[in-house]
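How does the following fold in three dimensions:
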Amino acid sequence: MLQRFKLSKKTTLAAFVGLVAVVAIAVILFPRLTNSSGVYHPPPPDAPGPALVFPSFSQPANLPQRKSATVLTSAERTAFVNAVDTLQSTHPNNSQLSLYEQFVVQHILTMGFRQSLGAKGPARGNPAHSYPAFLPWHRQFLLDFEQALQAVDPSVTIPYWDWTDPDALDTILQDDFLGPVGMGTFVEVAGKGRFEGGEVKTSPFSRWQLSEALHFDAITLVSLGPHLLRFVKIPPFDQYPIPQSAIDALFRTDNYEVFNALIEGALVPAVADNKQDYQLGWALHAFAHSVIGGSQVDWDDWDQGIAHQLDILGTMDSVPSSPYDPIFWLHHANVDRLWAQWQDQGHSGPDFYPAANKPFGHNLTDPMWPWDDGLSTPGNYGPSTTDLRTLYAGPPVNKVVSAKDVLDFRQLGYTYTGLETGLEKDLETGLEETAKTAQRETTSSGGRS
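Numbering: from 1, shown residues only. Okay, the predicted model is just below:
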């Protein structure tokens, strides 16, 4: 999710220093916006993809299903919450960080791949954001987290938050699930009114004591405090649910890099000089982060379709620290579900992922940090004098994972409810589309083979 920023006339020296840090973050997260040569630039939104390739549907028997949050039974909700809470309360070998916090620090350290911070090895860019590996990196991240949950309770799978479901958020924000909206802090939103958010004060998650070294504002690098913070549906992020038409538009592309860029949501389609291109945006994955976390925006720019962030409010809106909010996992399960659905609709296999010419770590067979057996190491990124690298245990030695290794989600040992029932329809639709494409090509070539 893009950190958006604008210098106002009232900006103090301290805030200016923080904004300078954001510029550095933005350059790392979104190098396509720079003029440097050799950086990743997504193909235009209308770029074509390869010929459709449908999965074989050889699904392992009794595959665990990740379900919509709205269909979980009371027992399933309780099992998920208990497993998450157990990870947060378990400190292996008297570690400063809990098992849960190991996932938070891993996400933070993806921001540290700059030589100026002390990063070493061939990895380039951000391993987890704003490049082609956004989707496969988070797929493996979710899988590792789910397996940690299953070590506590084998029955648990990660539910997903369907952003288009008007009932989903109300279901998730219950005391017996992931806890309510934040309370106790009021913010003025220019021209919109006064809104409340703040600490989550009930549910098991209200008892969590967050490490201030891990829970920080990505703009200022100042601690957000020891409590989980939510500012739910603060304008302009009150436009929820996300309309189904936005999801439908995402599925119109056959190009993986376009799909990856659009679902991440910090870039949105635009037309410049009569050509399809991108502009800074706040959509889908990025927008849903802010539905929970809340953010102050520059309204003059927002009304012109320009996304500029003035202030981070809650945990989910600070990219590095966002896994501290358990809603993060349901949110990213939905990202992964949509990718899985897109794959089932004729975009399966390695043809739908860049094989070469991307920054290292983002090509098909490049090992992705941290599943690279120590090939690359991040620099010391974070808000304090604590070197977070010394707190991070990392994945098991010799665990090497590339994008190619996670393309087939069923072979990883899970699926999503609803995908199985749509397979025959997707296959039938795909065969029809393939036949139509062949007919168009034959017609355009005058019948020549």
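
Would you map the helices across the stretch 151-300 of the chain?
Along the stretch 151-300 of the chain, the stretches classed as helices by DSSP state H, counting those that start in this stretch are 168-172, 244-250, 256-264, 284-293, 299-302.

So for residue 130, which of those helices sits nearest?
Proximity to residue 130 (C-beta to C-beta) singles out helix 256-264 among the helices of the stretch 151-300 of the chain, at 6.9 Å. To be clear about C-beta, it is placed using only N, CA and C from the backbone, and glycine gets the same treatment.

Name the residues of that closest one that come out as buried.
256-264 (16 or more other C-beta atoms under 10 Å).

Contacts only, for the closest residue to residue 228 other than its chain neighbours.
Spatial nearest neighbour of residue 228, excluding adjacent residues (C-beta to C-beta, 6 or more residues apart in numbering): residue 200 at 4.5 Å. By C-beta atoms under 8 Å, 6 or more residues apart in numbering, residue 200 lies in contact with 179-182, 206, 227-230.

ok, 7 Å please
Going by C-beta atoms under 7 Å, 6 or more residues apart in numbering, residue 200 touches 179-180, 182, 206, 228, 230.

What is the three-state secondary structure of the residue nearest the centre of the chain?
In the chain, the centroid-proximal residue (C-alpha atoms, centre = their mean) is residue 332; its distance is 5.4 Å. The three-state label given to residue 332 by DSSP: H, G, I helix; E, B strand; the rest coil is helix.

Pull the number of nearby residues for residue 63.
15 (other C-beta atoms under 10 Å).

picking up where we left off before, ok, which of the helices of the stretch 151-300 of the chain comes nearest residue 318?
Per C-beta to C-beta, nearest to residue 318 of the helices of the stretch 151-300 of the chain: helix 284-293, 7.0 Å.

related to what we said a few turns ago, please, a ChimeraX command that selects the buried ones among the contacts of residue 200?
Listed next is the ChimeraX selection for buried residues among these, using 16+ other C-beta under 10 Å:
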select :179,180,182,228,230
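
Residue 142 and residue 333 touch, don't they?
Yes. Using C-beta atoms under 7 Å, residue 142 makes contact with residue 333 at a distance of 6.2 Å.

Give me the common contacts of these two.
Common neighbours of residue 142 and residue 333 (C-beta under 7 Å, 6+ apart) are residue 158.

Counting neighbours, go ahead and name the busier of those two.
residue 333 (27 against 24).

contacting residues for that one?
Residues near residue 333 by C-beta under 7 Å, 6+ apart: 66, 142, 158-160.

Swap in 6 Å and give it another go.
Going by C-beta atoms under 6 Å, 6 or more residues apart in numbering, residue 333 touches 66, 158, 160.

what's the closest of the residues you listed to residue 46?
Closest approach between the contacts of residue 333 and residue 46, by C-beta to C-beta: residue 160, at 29.1 Å.

What separation is there between residue 268 and residue 210?
Computed as C-beta to C-beta, to the nearest Å, the residue 268 to residue 210 distance reads 32 Å.

now swap in residue 142 and tell me
With C-beta to C-beta as the criterion, residue 142 and residue 210 are 21 Å apart.

Repeat that for residue 299.
Relative to residue 210, and taking C-beta to C-beta, residue 299 is found at 30 Å.
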